[in-house]
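Student: This is the structure alone, sequence omitted:
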């Protein structure tokens, strides 16, 4: 009854029924004339129709087909991931160079803020601190001495400048005195000397004249007369001397004295400028040295403070309350030491993580074929491996902009994107790092056709499904839509109730490599297309497992095959890889004594 009901409700049966009624209009006369023959033909047709519909024919198992139905379709992405804290504080090593861990709090311990969690070896830091302390004290003494030298030099320079200024002032006063008083005074003194000499000569002459008269009369002695004559002579010479002094004073001495005074003034002014410039230069040099010493002191002080901070950094205290998780590198090829007591760690290396377990997230890796469907804000469901019966809701909060580099070490062609999902529900007491699965809900389609993903294949660049009909399954072009890990939406090309093959047949028309140019497509090359290079070598010879040589002809490498006359680089590489593979298989067969039944193609041949 089930088979009969299946036959009667099948679209193929309805189509066959229509064709049957159409044929009966032509076969009724024949049936009336030959009833026995017509009955036999009808039985045979029913048997054939039953075999086609029920799938009992050769290679047509009912399990090989999927019945297309309409219904709601949940488009989602299921990926495994790791439970992490949304807010996590990473404690790093701040000590320069490499440091050894002498104490670390056990992993999984709940700590309070300010509690000691890590202690590093201080031997190297203490030695550097003592050295820098000595250098700091030396630089401090040099800086103090340099500042004192500046003060002393400034004071000395000020004294020298004041002395030079006084010399200039005195020289100016000498010039002014000479111009206003001394010149006239010297001239006046010379004139007074001449007048005095003239008066003295006149007196001496008058006395001589009187003495001569007295001598003639006998009243004066001859010796007194001679004295008066000598006095006249002396006074005459004195007058000449006074006149000569006046002449030298007017013509030479006054100009010489004025020139000397003015020269002294210029020299005093020049000396003042020299003292100022020399003082400024010495002060500048001394100040520069003091500034250098001050900077050296500042640098030493900075190094001292930093080394003191380094000393303090050897003891690390918890920055917040939380769970202690020892840090580990996500890169499997990392050469960083495993965190433990006695391990050597570099500067800025993560030591422990303190997650805030009040808000958790799941980090999953989404394949590049699905990442364009994922958007921030989409809903997700999370199941923890430790609690498989409980389901929690979440929201997509972050999608990586670039593929995850750490996931490409094992497979360079793998492109996955780190995606974070914040869990909205309260979680049980579970620690970060637990495994979880997340299902990101893309959308939910209403009343659409869906088929398993493997039902859709590509023929000549078109998406098709193999649909069961009256004869062999035929390819029907379809328009696909959204998909998940199991099913794909069919927008057009199929009808509800159609039966499609779960495993489409493999033949030359099916494109498994996703070629962009199809074999029947005509390709027009441009005039500037370069000529291909001549092929190198002939056929590739490989050894079979039985020791005979088998030549595998590569089109365009010296053979007379019907293929292309020029072998591409890809074909040559594939041939070389195949040859190496066959050689390896043949060697293994000979070592194991496989003989003619070895693993190589030659052996099977």
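Tutor: Structure received. Every value quoted in this text rests on a predicted model; they were computed, and no experiment measured them.
Student: For my notes, confirm residue 372 occurs in a helix.
Tutor: Yes: assessed by DSSP: H, G, I helix; E, B strand; the rest coil, residue 372 belongs to a helix.
Student: Can you give the domain ranges for this protein?
Tutor: When the chain is parsed with automatic domain parsing, its domains come out as 2-54, 77-118+320-440, 125-313, 540-604.
Student: Looking at the ones you listed, spot the one closest to residue 478.
Tutor: domain 2-54 (17.1 Å; C-beta to C-beta). Using the backbone N, CA and C atoms, a C-beta is placed for each residue, glycine as well.
Student: still on that earlier bit, distance to residue 482, mean pLDDT and mean neighbour count added to the domains of the chain, as JSON lines?
Tutor: Listed next are the domains of the chain as JSON lines, based on distance: least, C-beta to C-beta, whole Å; pLDDT from 0 to 100; neighbours: other C-beta atoms under 10 Å:
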{"stretch": "domain 2-54", "distance to residue 482": "26", "mean pLDDT": "60", "mean neighbour count": "12"}
{"stretch": "domain 77-118+320-440", "distance to residue 482": "7", "mean pLDDT": "89", "mean neighbour count": "16"}
{"stretch": "domain 125-313", "distance to residue 482": "54", "mean pLDDT": "90", "mean neighbour count": "15"}
{"stretch": "domain 540-604", "distance to residue 482": "35", "mean pLDDT": "44", "mean neighbour count": "15"}
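Student: Let me know which of those is the nearest to residue 447.
Tutor: Closest to residue 447 of the domains of the chain is domain 2-54 (C-beta to C-beta; 19.1 Å).
Student: closest to residue 496 out of the domains of the chain?
Tutor: Nearest to residue 496, of the domains of the chain and by C-beta to C-beta, is domain 2-54 at 9.4 Å.
Student: thought residue 379 was touching residue 441?
Tutor: Yes: using C-beta atoms under 8 Å, residue 379 is in contact with residue 441, at 4.7 Å.
Student: is it possible to export the domains of the chain to JSON lines including distance to residue 528?
Tutor: JSON lines is the format used below for those (distance: least, C-beta to C-beta, whole Å):
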{"stretch": "domain 2-54", "distance to residue 528": "55"}
{"stretch": "domain 77-118+320-440", "distance to residue 528": "33"}
{"stretch": "domain 125-313", "distance to residue 528": "65"}
{"stretch": "domain 540-604", "distance to residue 528": "18"}
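Student: all strands of the stretch 301-450 of the chain, in order?
Tutor: Using DSSP state E, counting those that start in this stretch, the strands of the stretch 301-450 of the chain run over residues 315-317, 322-323, 325-326, 344-345, 350-367, 379-384, 387-399, 416-423, 435-452.
Student: export those strands to JSON lines and tack on distance to residue 277?
Tutor: What follows is these, written out as JSON lines (distance: least, C-beta to C-beta, whole Å):
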{"stretch": "strand 315-317", "distance to residue 277": "58"}
{"stretch": "strand 322-323", "distance to residue 277": "69"}
{"stretch": "strand 325-326", "distance to residue 277": "70"}
{"stretch": "strand 344-345", "distance to residue 277": "60"}
{"stretch": "strand 350-367", "distance to residue 277": "62"}
{"stretch": "strand 379-384", "distance to residue 277": "82"}
{"stretch": "strand 387-399", "distance to residue 277": "70"}
{"stretch": "strand 416-423", "distance to residue 277": "71"}
{"stretch": "strand 435-452", "distance to residue 277": "82"}
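Student: follow-up on the earlier one: which one of the domains of the chain lies closest to residue 69?
Tutor: domain 2-54 (13.0 Å).
Student: Which strands border the longest strand along the chain, and is each parallel or antiparallel?
Tutor: For the chain, the strand with the greatest residue count under DSSP state E is strand 69-92. Sheet pairing for strand 69-92, assigned by DSSP bridges, gives strand 350-367 (antiparallel), strand 435-452 (antiparallel).
Student: Which one of those strands lies nearest to residue 388?
Tutor: Checking the strands paired with strand 69-92 against residue 388 by C-beta to C-beta gives strand 435-452 as the closest, at 9.1 Å.
Student: what's downstream of the closest one, the next helix or strand?
Tutor: Later in the chain than strand 435-452, the nearest helix or strand by DSSP states H and E is strand 456-459.
Student: Could you list the buried residues of that following strand?
Tutor: Of all the residues in strand 456-459, those buried under the rule 16 or more other C-beta atoms under 10 Å are 456-459.
Student: for the residues you listed, which one is nearest residue 363?
Tutor: Proximity of the buried residues of strand 456-459 to residue 363 (C-beta to C-beta) peaks at residue 456, which lies at 31.5 Å.
Student: dump the residue contacts of that closest one.
Tutor: Listed by C-beta atoms under 8 Å, 6 or more residues apart in numbering, the contact set of residue 456 reads 463-465, 478, 480, 488.
Student: which of these lies closest to residue 250?
Tutor: Closest approach to residue 250 among these (C-beta to C-beta): residue 480, at 130.0 Å.
Student: Dump the strands paired with strand 69-92 to JSON lines, plus distance to residue 212.
Tutor: Formatted as JSON lines, the strands paired with strand 69-92 follow (distance: least, C-beta to C-beta, whole Å):
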{"stretch": "strand 350-367", "distance to residue 212": "136"}
{"stretch": "strand 435-452", "distance to residue 212": "157"}
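Student: between those, which gets nearest to residue 125?
Tutor: Nearest of the strands paired with strand 69-92 to residue 125, taken as C-beta to C-beta: strand 350-367 at 16.3 Å.
Student: Excluding chain neighbours, what is closest to residue 337?
Tutor: Leaving aside its sequence neighbours, residue 337 sits nearest to residue 343 (C-beta to C-beta, 6 or more residues apart in numbering; 4.2 Å).
Student: Just to check, the one you found is in contact with residue 99?
Tutor: No: if you go by C-beta under 8 Å, residue 343 and residue 99 don't touch, sitting 9.5 Å apart.
Student: Go ahead and confirm residue 371 touches residue 399.
Tutor: Yes: with contact defined as C-beta under 8 Å, residue 371 and residue 399 form a contacting pair (6.9 Å).
Student: which neighbours do those two share?
Tutor: By C-beta under 8 Å, 6+ apart, residue 371 and residue 399 have these common neighbours: 417, 419.
Student: Out of the domains of the chain, which gets nearest to residue 501?
Tutor: So among the domains of the chain, domain 2-54 is nearest, using C-beta to C-beta, at 14.8 Å.
Student: can you give me the helices in this protein?
Tutor: Listed in chain order, the helices of the chain (DSSP state H) span 2-9, 11-33, 35-54, 123-177, 183-217, 222-248, 254-313, 569-592, 601-604.
Student: chain center to the longest one: distance?
Tutor: Centroid separation for helix 254-313 versus its chain: 47 Å, with C-alpha atoms, centre = their mean, to the nearest Å.
Student: and the angle for the longest strand of the chain with strand 379-384?
Tutor: Interaxial angle of strand 69-92 relative to strand 379-384 (axes from the mean of the first three to the mean of the last three C-alpha atoms, to 10 degrees): 70 degrees.
Student: Centre of the chain to strand 69-92, how far?
Tutor: 28 Å.
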